[in-house]
Each structure stands twice: as C-alpha cells, then as structure tokens.
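[1] From the sequence below, what's the structure:
(one chain, ligands or ions: 1)
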Amino acid sequence: MSLSEETQIAFAYLAPIVIFAVARQLYLYISSSHSSRKPWRRFQLFEFVRRIVTYHIRGAELIEEGYQKSNGRPYRIRTLRNNLVIVSSDEHTEELASVPDTILSLHAVAKDMFEPQHTMYGFKVHDKSPLNGSMHSRVLRTLLTSKIPYLLPGLRDLSLKCFRQQIALHGKSSPSKPGFQNIPTFEVSRRLVSQINSYCFVGPELAQNEEFVTAAGDFAQEVMVTGEILQFFPRALAPIIASLSTNFKRSERILVSYLRTTILERIRICEDNIPHAQRPVDCIQWIVETMIRKSDYNVDHIIQEFLALWFGSVHQVSMSLVYALYHLIDNPTQIGLLREEMSSVDDWTTSLSSLPNLDRLLVESAKLHPSDSISMRRKALQTYRFRDGTVVNKGDWVCVPLRRFPAKISSHAIPSHQSSESSGKTDGGLNTSFTNLGADFPLWGMGKHACPGRFYASSILKLLVGNIIMNFDIDIDAVYMEEKRRTFIWRTAVVPRASIHLGVRRRDMEEGEVKSR
Ligand code: HEM
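    This is a model prediction of the structure:
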C-alpha cells in the first residue's frame, strides 16, 4: 500500500512532534511529581498537544474565525512559540508596512520559519539589515520585470512542451470522463513552475536539464518541510535534523554543483567585459553582476542568495496555479470568456497586461483561495505599540489576514468588480490588476518589502493558465467538487492535496497552437 504524499508529510511532521512532546512532558511530570505546589504541570501535556493540534491543523480556520468575531479589531492567536497578533484595518495595515525593520522585521520571520542557515546552504539572513532586500529588488523588481517580454516566447513554448510531457508521464485515462487524462495537479504545477523558473533564473540550457530541474523543485519543497519540522526541536539539534529531513541535502548538493560551475562562467563574462547585449539574460547573471561589485563577494555567498530567491519563486506560484485552475472548474463560464478574450488578439502571450478577464481570474482566485491565510508577517524585535494602542510584544509576530471572507463567497467580497459568474462579462474596473498593492489586497504585502517578484509571478501564472485552457479542456472528479476536499490546512497555509487529479483533454490542438503563436 502506498501512502498519499500528504499522509507521508503528516507522519514526517507528527512523529517528531509527538516524540518531542511526550519526552518533554515526561520530564516536566517527573520533575514536578514531588512538588505539590505545581499540580498544574500535570495538565501541560494536554495543553501542549491541544495547542499543537488546534493551531497546526486549524490555523487558517482560526484566523478566519477570529476575523469574523473581531469586527475589524486586532486579535491574537497563541502558537507553539509565540503569539500572532492579527491586524486588519486599513490604518493598521498601512502602519505595519511603514514600521522600520529594526522594530518589526520580515527577515526575522523568514529566519524563524525556514532556518536558512540550516536549509539554504548556510545562508545567514540579517534581521535588521536592509542589505537583504536591495539585491532582490534590483534583480527581480527591476531587471527580471523589464525582461519579461523578451523571455515570454521561450517560456510559452517551454511551458506547453513541459505540460505535454507531464501528461505523457502521469496521465491516466479518466474512468468517468471520456477522452480525459487525469494528472496530479499539484505535482504537475510544481514541475511547470520549476521548469519555467529555471529558464528565467539560469537560462534555457539548464532549464532542459532533468537533474537540475528536478533538484530545483525538490529543494524548494524540502526547505518548506524542513522549516516546519525544525519548529519542534531545540535549535541545537537543527543541523542534524535538517540533514536527516533532506536526505542529507541531496537536492541542495546537486543544485550547488551546477550553480558553482555556472557562477564561475558568469564571473568570467563580467571580468572579460563582454558587452551587456551579448550576456545571458537570466537572474543568475544579474545576481553575479550585482554582487561582484562588492569587494567581499564570494561564490558561496552568491549561491546562497540565489537559493533564497529560488525558494521564494516556486512555492506560492505553483499553489496559485492549482487554485486558479480549480477556480475555473468551479466557474466554467469563465473558461469560455477567457478563450474568447485570448482569441480576440493576434498573440495573447504578448498581450498579457491587456487581458482583463485573465487578470481578474487571478484576483478572484487569490481573494477566494489564497494559499496562505495571512500576509505581511513581521516579528517584533522590540515591543511595538500601534498608534491605536495595540501592543505587539517582543518575539511575537504581527500580520494581516488574507482569508478575510467566509468559504461561501459572493460578489460583495470582490468590491472593485463583480464576479464574472454573475455578470458574465468583464467590467473593465480599475482595480482588477493582479499586481496591485493595497490594504484591500495585501497578497503581495506593502511598503518596501512588497513582493519584488509579483510582475513575474503574474506573467507566468497568466501564461500557464492561458496555455492550459487554450489547448486543453479541464475538469475534476465530481467527488472533489467540494472545495474543502481539495486542500488541507497546515498552520496558516492552505495546501493543495497531492492526491487530487486534474482531468485534461486535448482541444483542437492546431487551433490552440495557432492562436498562441
Ligand atoms: C503568487 C506568488 C507570490 C506571492 C503571493 C508572493 C507574496 C509575497 C509576500 C506577501 C511577500 C512579503 C511582503 C511583505 O511582507 O510586505 C513577498 C516577498 C518576497 N517575494 Fe514574493 N510572492 C510570490 C511570488 C514570488 C516570486 C515568483 C518571486 C521571485 C521571482 C518572489 C520573490 C520575493 C522576494 C525576494 C521577497 C522578499 C522581499 C524583501 O525581502 O523585501 N515572490 N512575496
């Protein structure tokens, strides 16, 4: 019997938690059993387990329930390590975005969540330093964004080829839907994103290298899982636990060996003063160019910076793709509208910013099915008091909720435009842009840390969704039509179940391909 991926992950998480919890409680129990002054300690096991279970398997629901009850006021949720202070008003959100890193730090959160020193090739993230961000901003926000039009034709062909390969690899004829092949949605989505990102991050050659692309996809997944496991162990054990949970860093080692060779080649390009027009157009080139300006650069540090950017680029995009496809299956009339819209322009892949229905699909999907229930996490490096008096104690996290709405959503939750299911057409509204920032759409965060990869993420999501629906019909087994059956909650994240399959059936391929050219 083979266990589903989420069952394996649940075991991987729960086994160490239970062992650690029981050992800790035994210690507390034994050390307090002679003391009649501390009988409450006997109940700690119950409290400890209750807290783990409630927050870890219902975190996203707790956030949502808290939001419903709080009536817009800040509220708190206790977690294993600290308190989450959740603020949601526009005033709080804007204030949160403006507080300096020396007080409320995003990078301190990243350190707590993913332990980069143990999961990303020894990367030391600084809580307070603005240095972490400056390279990201130049490489992603400025250079990658400006090169998207140049990269799109290659990405279009690669993504279609990759999707077809995935169908050939995983496709199984659907027993209930004639002509449909079932493919594992989340796995295929991760692979598509990993391959597309490889093209933009390290160039077309490595993007075709099976070993590199597989290791790159696995690495992102392993950082996520290992970061979670490390939460339950004392810091001193982190190196050994991280090693065990990543199969002795197998994917990291593969990536590092390819990256080292590539980075050395790219350094040579810079040292030989090759004209910019002849240099490779990819992120690793820009990272190298940015970093070798500093006198103390070294190859290991460039690798670490690369891995951190890589990690940020895979996970949320692949989950967003899954949810956008499910959203279309739930709202089939949108598929027709999208096809019509894409067919109405000469080449939809070069018109991604002027396809309002496609844009709106992503906005709606992100609002209704965000892959995380919170955004704009910050850790208090010192106690912070908001202007209205709300206090975030040192060590606690503050954030804003994304799943602000009940599961049954209606058009009122999308204030800037109506649901296309109800209106049946685009309203061309002002606020339909998926990459917009604002307190009413904090998906990308706000202020100086607002996601620098959002224009890229938006373009590739549009490209992937567009390519799939222009070339395939999509469907899902009736049993999974209920949204809750497609996902599971882990802490604040809402993760697609690996066992859910997407049904795909080739449309008129010639027509689809001609339209996308
Ligand atoms: C749907 C996909 C994505 C979502 C929802 C998303 C969301 C976010 C959010 C909420 C933040 C933190 C902002 C804050 O707290 O104020 C962030 C930061 C960041 N994102 Fe994204 N992101 C996505 C895709 C990407 C991609 C594709 C890349 C890389 C190409 C990327 C790179 C980064 C980086 C480097 C940061 C850190 C910025 C800093 O340290 O200042 N993200 N993202």
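
[2] low pLDDT regions in the stretch 1-150 of the chain?
    Applying pLDDT under 70 to the stretch 1-150 of the chain flags residues 1-45, 48, 129-133.

[3] Helices of that one, start to end?
    With DSSP state H, counting those that start in this stretch as the criterion, the stretch 1-150 of the chain has helices at 5-32, 44-70, 90-98, 106-114, 116-119, 131-136, 145-170.

[4] Same question for the shortest one: list its buried residues.
    Spelled out, that is helix 116-119. Within helix 116-119, the residues that count as buried by 16 or more other Cβ atoms under 10 Å are P116, Q117, H118, T119. Where you see a C-beta, it was placed from the backbone N, CA and C, and this is true even at glycine.

[5] Up against the ligand, what does the stretch 251-400 of the chain have?
    L309, G312, S313, Q316, V317, S320, S375, M376 (Cβ under 6 Å from any ligand atom).

[6] Who are the contact partners of the residue in the stretch 301-450 of the chain that the ligand sits nearest to?
    Distances between the stretch 301-450 of the chain and the ligand by Cβ to the nearest ligand atom are smallest at G445, namely 2.2 Å. G445 is in contact with A97, L106, S375, M376, L437, C451, counting by Cβ atoms under 8 Å, 6 or more residues apart in numbering.

[7] hmm, try it at 7 Å
    G445 makes contacts with S375, M376, C451, as judged by Cβ atoms under 7 Å, 6 or more residues apart in numbering.

[8] By neighbours, which of the residues you listed wins?
    When neighbours are taken as other Cβ atoms under 10 Å, the top entry among the contacts of G445 is M376 (25 neighbours).

[9] and that one, what pLDDT?
    pLDDT recorded at M376 is 97.

[10] For it, pull up the helix or strand it's in.
    Using DSSP states H and E, M376 sits in strand 374-380.

[11] just the helices in the stretch 401-517 of the chain please.
    Using DSSP H, counting those that start in this stretch, the helices of the stretch 401-517 of the chain run over 420-423, 454-471, 509-516.

[12] Quick check: mean pLDDT of the second one?
    Regarding helix 454-471, the rounded mean pLDDT is 97.

[13] same for that helix, what does it pack against?
    Judged by 3 or more Cβ pairs under 7 Å, 6 or more residues apart in numbering; DSSP states H and E, the packing partners of helix 454-471 are helix 145-170, helix 299-330, helix 332-343, helix 356-368, helix 509-516.

[14] Please identify which of those helices is closest to K484.
    Counting by Cβ to Cβ, K484 lies closest to helix 299-330 out of the helices and strands packed on helix 454-471; the figure is 11.8 Å.

[15] and that closest one, what does it pack onto?
    So helix 299-330, by 3+ Cβ pairs under 7 Å, 6+ apart, packs with helix 185-202, helix 210-230, helix 250-271, helix 283-291, helix 356-368, helix 454-471, strand 472-475.

[16] what stretches of the stretch 251-400 of the chain score poorly on pLDDT?
    In the stretch 251-400 of the chain (pLDDT under 70), no residue qualifies.

[17] give the contact list for the spatially most central residue of the chain.
    The centroid of the chain falls nearest to Q316 when counting by Cα atoms, centre = their mean (1.9 Å). Contacts for Q316 (Cβ under 7 Å, 6+ apart) come out as S371.

[18] Make sure I292 is actually in contact with R266.
    No - contact criterion Cβ atoms under 7 Å: I292 and R266 do not qualify, at 9.0 Å.

[19] These two: which is more packed in?
    In this view I292 and R266 are compared by other Cβ under 10 Å, and R266 has more residues nearby, 24 against 16.

[20] Apart from its neighbours in sequence, what residue is nearest the more buried one?
    V288 (4.3 Å; Cβ to Cβ, 6 or more residues apart in numbering).

[21] Does the one you found touch R268 like I think?
    No - counting by Cβ under 7 Å, V288 stays clear of R268, with 9.9 Å between them.

[22] so who does the closest residue to E289 other than its chain neighbours touch?
    Of all residues beyond its chain neighbours, the one nearest E289 is C270 (6.0 Å), with distances taken as Cβ to Cβ, 6+ apart. Residues near C270 by Cβ under 7 Å, 6+ apart: V288, E289, I292.

[23] Show me what from the stretch 401-517 of the chain comes close to the ligand.
    Residues of the stretch 401-517 of the chain lying near the ligand (Cβ under 6 Å from any ligand atom): L443, W444, G445, M446, G447, H449, A450, C451, P452, G453, Y456, A457.

[24] Pull the most distant pair out of these.
    G447 and Y456 (19.5 Å).

[25] Of these two, which one has the most company?
    Ranked by neighbour count (other Cβ under 10 Å), G447 and Y456 place Y456 first, with 24 against 15.

[26] Excluding residues flanking it in the chain, which one is nearest the more buried one?
    Closest to Y456 by Cβ to Cβ, 6+ apart is L144, at 5.2 Å.

[27] any idea how far the one you found lies from I469?
    Computed as Cβ to Cβ, to the nearest Å, the L144 to I469 distance reads 25 Å.

[28] just L337 next, same as before
    According to Cβ to Cβ, L337 stands 10 Å off from I469.

[29] just S198 next, same as before
    Taken as Cβ to Cβ, the span from S198 to I469 is 24 Å.

[30] related to what we said a few turns ago, is it possible to export the residues of the stretch 251-400 of the chain next to the ligand to a markdown table including distance to F386?
    Converted to a markdown table, those look like this (distance: Cβ to Cβ, whole Å):
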| residue | distance to F386 |
| --- | --- |
| L309 | 32 |
| G312 | 28 |
| S313 | 32 |
| Q316 | 27 |
| V317 | 32 |
| S320 | 30 |
| S375 | 17 |
| M376 | 13 |
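
[31] and which of the contacts of C270 is nearest to Y480?
    Closest approach between the contacts of C270 and Y480, by Cβ to Cβ: V288, at 44.7 Å.

[32] Let me see the contact set for that closest one.
    Taking Cβ under 7 Å, 6+ apart, we find V288 in contact with I263, R266, I267, C270, I302.

[33] Same question for K249.
    S243.

[34] hmm, 8 Å instead?
    Residues in contact with K249 (Cβ under 8 Å, 6+ apart) are A242, S243.

[35] now do R339
    R339 neighbours (Cβ under 8 Å, 6+ apart): I469, M470.

[36] go with 6 Å
    Contact analysis of R339 by Cβ atoms under 6 Å, 6 or more residues apart in numbering lists nothing.

[37] Next, count neighbours for the closest residue to D477 other than its chain neighbours.
    Excluding the flanking residues, the one nearest D477 by Cβ to Cβ, 6+ apart is S176, at 6.7 Å. Look at S176: counted by other Cβ under 10 Å, it has 11 neighbours.

[38] In three-state terms, label S176 for me.
    coil (DSSP: H, G, I helix; E, B strand; the rest coil).

[39] Now do it against A478, distance only.
    S176 sits 8 Å away from A478, going by Cβ to Cβ.

[40] Since that was my last question, I'll sign off now.
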